[in-house]
Structures are given as structure tokens and as C-alpha cells.
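coords please:
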Amino acid sequence: METDRGDRHFDTIIIGCGMAGLAAGIRLAMYDRKVLILEKHSIPGGLNSFYSIAGRKFDVGLHAVTNVVPPGHKGTPLPSLLRQLRIPRDAFDLNPQRSSRIAFPGADLRFTNSFGLLEEEVDRQFPGQIEAFRRFRKRILEASPGEGTGVSSRGILAESLPDPLLREMLLCPIMYYGASTAHDIDFSLFVTLWKSVFEEGFGRPLAGIRTIIRALLDRYREVGGTRRMKCGVRRILVDEGIACGVELEDGEELTADRIISTAGEPETRILCGAGEEDPAVQENIGRLAFAETISILSRQPEELGIKDTIVFFNDSPLFHYEQAASDIDLRSGVICCPNNYAYPEGTSLDEGILRVTTIASYENWTAYSQPDYEEAKERWFSRMVESALNFLPGVDPELIRSSTVFRDMFTPRTVRKYTGRLGGAIYGAGRKSPDGTTGVENLFLAGTDQGLLGIVGAMFSGVTIANRHVLMAGRK
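Presented below is the predicted three-dimensional model:
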């Protein structure tokens, strides 16, 4: 829905039409706030969007929706979010995973959306460790919100679990699903991600991320929200430390009582007038970036021997999660097969899909000339897939190659181009703003850099910031 160009003042302007921005917009418009979402691209979704090539639609970022508890399960983020937005669960069409794995040399841990399987796997693979594992889980489940902020997860793991390999294996999916810093992760975030991944689990709509985006857009229109697409923000207008509006890229100015930015913390600083080389910007740019290959297969992956939904892999007993020294770090990564979710009987994806994600170097990929960039993508595509196939036992690499009918790849350069994220950092800044404040009055952060990650986390962030800083502030 386009706004009337003559109407230039809003209760709240939201920068970014991704998950957090849409959720914040819905929550505010539900309470008759005059809301405008501004998006510089033509497609909504932000870091979790989609694109089309050769008649095929590809998801960006969606390996899985986390926090997928069964219907009727209360007290967890997904049902709370749906209640806040008044969106029926069926609108998201979430189908649970079949089975996923953590694969290290000499050890595999399988898990599903039922925690009992992971517990059985730990007992089987790590004799004598199960009681320590249960005590560690109990500590996580009993942690209060924010507990462990500023505390090393590796330190807590070392105190809790004697076996170093088990510690490394448990870190792998947690960090790949939300760590914006290398080597370690804040324990409060570890707790959140543990619950999202292991306690609640993975799900996916049959049609991919478009289903969730469509449900959010429909709800936003229903409650009267407005948005402008292909409408970038040049700068946030700040008067004596108070945010009061935005200047668009075409020079138009709009005013607002409050502004919510989902652009990221350092990116929002730049919109407020800081330079990219400003130390306050540079020190908080995320340094972890990723590349991903997408292979379209002529056969269903299960026919080719791929039975897992997601595989988190690492090629040595020590988990590698750090800024890539070369174009791509092949030592660890994620394999995702969207076909291998438990879709309703009689339904399936038309074609096979195999996705491989690894850590990549933003500096290397952005330094290439365009011809060299295309050549590097071609070279690394094959290496990434071949490396990942080592962790799919019984799968014939030649059969995968001969069954591949189309392929594509994104790099940190792609992420920077289409999201504006400095450093191509999908997980955003290293230092988050849990309360959403920015130091500028009436300007707030939502989304990745507020500290809630994943699709459900991003939406929950938007709702939280809307509630805390707009709706509750209005009551006061």
C-alpha cells in the first residue's frame, strides 16, 4: 500500500520492511497508530526474503524457522508472537523437520523437534556424560531472562560437560544459528538459541519464506498500515539529540514522533550522520559473513541418499567459527535440504534443493573485479558442495553432480548489495542493544542488532520494541 505523498507526518516511521519491521508495524497499527514502513528494495523480507531466476523462486536466509512448538504449546515465543499479532498459526504453514544432525569426525548427534532423541544420542555417543548433560540442560531451562549476559558460553560448557568433543558439537548449531562473534557466544544468547533449536525445533512452510511474508503483509494491510517500497532513507533527521524524521533518497522529508530502525546499529549511526570510518561505527561492524550455494536437483534428495533435514558439520574435534582467512572457510558449515520436512501427505517440493552454507571473507569477495568475482563463484561453488558431501555418508558426489539442473550462489558481496549490512554480516553487530535504545531520543533499534535472532526472534523483536517504546510510552 502506498502512502499519500502529501501526508508527511506519522506517529512512527519504521526503516526496513523485514520481519522485525513488519511485526512492529502490525503491532502499532493494531492500536490505531499512524505507521509508515520504508523499504529501499522492491521485495519485502529483508534478511529473510526471496528472489527469482529462470522462473524459479529461491529463499534467502531460510534454512528453518526455529521455535516451532506443536499447536497448543503455550509459554514459548511462537504462540506468544502469533497472539500479539493476532495471526492464526495456520497462516505460517509451519511443517516440522524430520531429523537433523551435528556431524564431527567420528561422532554424529541426531536431533528432532522432540528433545528426547538428542538426550538418547548423547547417552549413546558419550558414555558417562548423560547426567552432566542433564544438569547442564536443567541450568539452561531454569535460567532467568538475561542471565549469563557477558559470560562466556565456552566457560560455562567447560564447567558443565567434561567431554570436550561434546562441548564443541553442541556449540556448532547454536553459533551457526546466531553468533555474530567468533569462537564464543554470550551465554544469555546461548540459552535463547538452545531453546529455539533444541527444545522447540525447526519448521518450514511448504512454499518457503513467501508464505510468512504474505501473512505479515496481509495483516499489516488489514490493520491499516502503510508502506513505501523502493524508497530508501538517506538520513535520519536529528534535532538537538532528538530524532524527528527522515530524509528520503529523493530529497523528500517526512516527520515522525518516533522512528524504529531495522537497518542495524552501525548502519543506523551512519543514517544519523556518522561516517563509515567513524570508530564507533567500525568497532561494531559484524566480522562474520557467509556464502551459500543452492543446487536444484532433478530428483528428490531422499532418492539420492540425502535423508537429513539439516546437517551442521565440522571437519575436526575443535569447532571452527571465525572470520575466514581466504574466500571461503571449508572447515565447517551447514547443509540444508528443504525437501526433508514433514509436509502433509501427498505434498512435496517440485524439485530437489540442496543448500550449503559456509563462513566467507567479506574483504576478499568485495575486492574482486566483476569478471573475477564470477569466476571465483564458479570455482568455489564446486568446492563448497564437494566439501559438504563428505558429511553425507552413502551419497555419491557424481550422482549429485549429474542430477544438478540449476545452481546459484550468494556471497557477502550479495548480502551488502541487497541488505546494506556493513561487512555483509547477516547476524549484524557484535555488540547488541537489548533494550533497543540508540542514544538518540525517540530512535530505537529492532531486529538483529536488538539481539533477537532468527525469523521468530526478529518478529518478536519488532513487537517488543513497539510495545516498550511506543505503546507503553504513549500510556505514560
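
And the helices in the stretch 301-450 of the chain, which stretches?
In the stretch 301-450 of the chain, helices defined by DSSP state H, counting those that start in this stretch lie at 362-367, 370-389, 397-403, 412-419, listed in chain order.

winner for burial among the ones you listed?
Relative to the other members of the helices of the stretch 301-450 of the chain, helix 412-419 carries the highest mean neighbour count by mean count of other CB atoms under 10 Å, namely a mean of 20. The way it works is simple: take the backbone N, C-alpha and C, and place the C-beta from them, glycine included.

could you give the mean pLDDT of it?
Helix 412-419 shows an average pLDDT of 90 in the prediction.

Same list (the helices of the stretch 301-450 of the chain) but as TSV, adding distance to L189.
Formatted as TSV, these follow (distance: least, CB to CB, whole Å):
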stretch	distance to L189
helix 362-367	22
helix 370-389	26
helix 397-403	35
helix 412-419	21
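
do you know which of the ones you listed lies nearest D308?
Proximity to D308, assessed across these by CB to CB, is greatest for helix 370-389 (11.3 Å).

what packs against that closest one?
Helix 370-389 is packed against strand 289-297, strand 328-336, strand 352-360, helix 397-403, strand 404-410, with contacts defined by 3 or more CB pairs under 8 Å, 6 or more residues apart in numbering; DSSP states H and E.

Could you export the ones you listed as TSV, including distance to D108?
Below are the helices and strands packed on helix 370-389 laid out as TSV (distance: least, CB to CB, whole Å):
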stretch	distance to D108
strand 289-297	23
strand 328-336	13
strand 352-360	18
helix 397-403	19
strand 404-410	26
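
Tell me which of those lies nearest to R468.
Proximity of the helices and strands packed on helix 370-389 to R468 was assessed by CB to CB; the nearest stretch is strand 289-297, lying at 30.7 Å.

what's next to the closest one, contact-wise?
For strand 289-297, the external contacting residues (CB atoms under 8 Å, 6 or more residues apart in numbering) are 56, 58, 304, 324, 327-328, 351-362, 365, 380-381, 384-385, 400, 403-412, 415, 423-426.

which among the residues you listed end up buried?
58, 304, 324, 327-328, 352-362, 365, 380-381, 384-385, 400, 403, 407-412, 415, 423-426 (16 or more other CB atoms under 10 Å).

how about the closest residue in space to G16 that isn't next to it in sequence, what does it touch?
For G16, ignoring the flanking residues on the chain, the nearest one in space by CB to CB, 6 or more residues apart in numbering is T262 at 3.5 Å. The contact partners of T262, taken as CB under 8 Å, 6+ apart, are 14-16, 18, 20-21, 24, 46, 445-448, 462.

what's the most distant pair in those residues?
I14 and T448 (14.7 Å).

How about V405, nearest residue that isn't a chain neighbour?
Here the residue nearest V405, using CB to CB, 6+ apart, is S298, at 5.0 Å.

one step back: strands - which of the contacts of T262 land there?
Helix and strand membership here follows DSSP state E; of these, those in strands are I14, I15, L445.

what about the last one, how many neighbours?
The one in question is L445. The number of residues packed around L445, counting by other CB atoms under 10 Å, is 30.

And for the second one?
Burial measure for I15: 26 neighbouring residues, criterion other CB under 10 Å.

Bridged to it, which residues?
Here I15 sits in beta bridges with L38, S261, going by DSSP bridges.

and the gap between it and R228?
Distance from I15 to R228, counting by CB to CB, to the nearest Å: 11 Å.

Could you name every residue contacting both of these two?
Overlap between the contact sets of I15 and R228, as judged by CB under 8 Å, 6+ apart, is given by L38.

so which of the helices and strands packed on helix 370-389 gets nearest L157?
Across those, the minimum distance to L157, taken as CB to CB, is reached by strand 328-336, at 17.2 Å.

Sheet-wise, list the partners of that closest one with their directions.
The strands that strand 328-336 pairs with in its sheet are strand 310-314 (antiparallel), strand 352-360 (antiparallel) (by DSSP bridges).

Centre of the chain to the shortest one, how far?
If I follow you right, that is strand 310-314. Between the centre of strand 310-314 and the centre of its chain there are 17 Å (CA atoms, centre = their mean, to the nearest Å).

what's the answer for the longest one, then?
Shown here is strand 352-360, whose average C-alpha point lies 15 Å from the average C-alpha point of the whole chain (CA atoms, centre = their mean).

now the angle from it to strand 289-297?
160 degrees (axes from the mean of the first three to the mean of the last three CA atoms, to 10 degrees).

Strand 352-360 versus helix 412-419: what angle between them?
Going by the same axes, to 10 degrees, strand 352-360 is angled at 100 degrees with respect to helix 412-419.

Also compute the angle for strand 352-360 relative to strand 404-410, please.
Computed by the same axes, to 10 degrees, the angle between strand 352-360 and strand 404-410 is 30 degrees.

Output strand 352-360 as CSV, nothing but the C-alphas.
The C-alpha coordinates for strand 352-360 follow below in CSV (Å, rounded to 0.1, in the frame of the first residue of the first chain):
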residue,chain,number,x,y,z
GLY,A,352,15.1,-31.2,-5.1
ILE,A,353,17.0,-28.5,-3.3
LEU,A,354,20.4,-28.8,-1.6
ARG,A,355,21.9,-25.7,0.2
VAL,A,356,25.4,-25.5,1.6
THR,A,357,26.4,-22.5,3.8
THR,A,358,30.0,-21.7,5.0
ILE,A,359,31.8,-18.8,6.5
ALA,A,360,33.3,-16.4,3.9
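
and that strand with helix 370-389, angle?
Our comparison of strand 352-360 with helix 370-389, counting by the same axes, to 10 degrees, yields an angle of 110 degrees.

Could you list the low-pLDDT ranges of the stretch 201-350 of the chain?
In the prediction, the stretch 201-350 of the chain carries no residues with pLDDT under 70.

Quick one: the strands in it, in order.
Taking DSSP state E, counting those that start in this stretch, the strands of the stretch 201-350 of the chain run over residues 203-204, 226-228, 233-239, 242-248, 253-261, 289-297, 310-314, 328-336.

ok and the fourth one relative to strand 253-261, angle-wise?
Direction vectors for strand 242-248 and strand 253-261, defined by the same axes, to 10 degrees, enclose an angle of 110 degrees.

any idea how far Q282 is from the closest residue to D32 other than its chain neighbours?
Nearest residue to D32, sequence neighbours excluded (CB to CB, 6+ apart): G224, at 7.7 Å. Counting by CB to CB, the gap between G224 and Q282 amounts to 41 Å.

what's the closest of the helices and strands packed on helix 370-389 to G436?
For the helices and strands packed on helix 370-389, the distance to G436 is smallest for strand 289-297, at 24.6 Å, taking CB to CB.

Listing partners with orientation, what would you give for the closest one?
Each strand that strand 289-297 pairs with, and the sense of that pairing, follows from DSSP bridges: strand 352-360 (antiparallel), strand 404-410 (antiparallel).

CSV for those, including distance to G439?
Conversion of the strands paired with strand 289-297 to CSV gives the following (distance: least, CB to CB, whole Å):
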stretch, distance to G439
strand 352-360, 31
strand 404-410, 33
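
Among the ones you listed, which comes closest to G232?
Relative to G232, the nearest member of those by CB to CB is strand 404-410, separated by 20.9 Å.

Not counting its own residues, what contacts that closest one?
With CB under 8 Å, 6+ apart as the test, strand 404-410 has contacts from 53-54, 56, 58, 60, 291-298, 351, 377, 380-381.

How is this protein partitioned into domains?
With automatic domain parsing serving as the domain definition, the record reports that the chain contains domains spanning 9-56+208-283+430-475, 112-197, 287-419.
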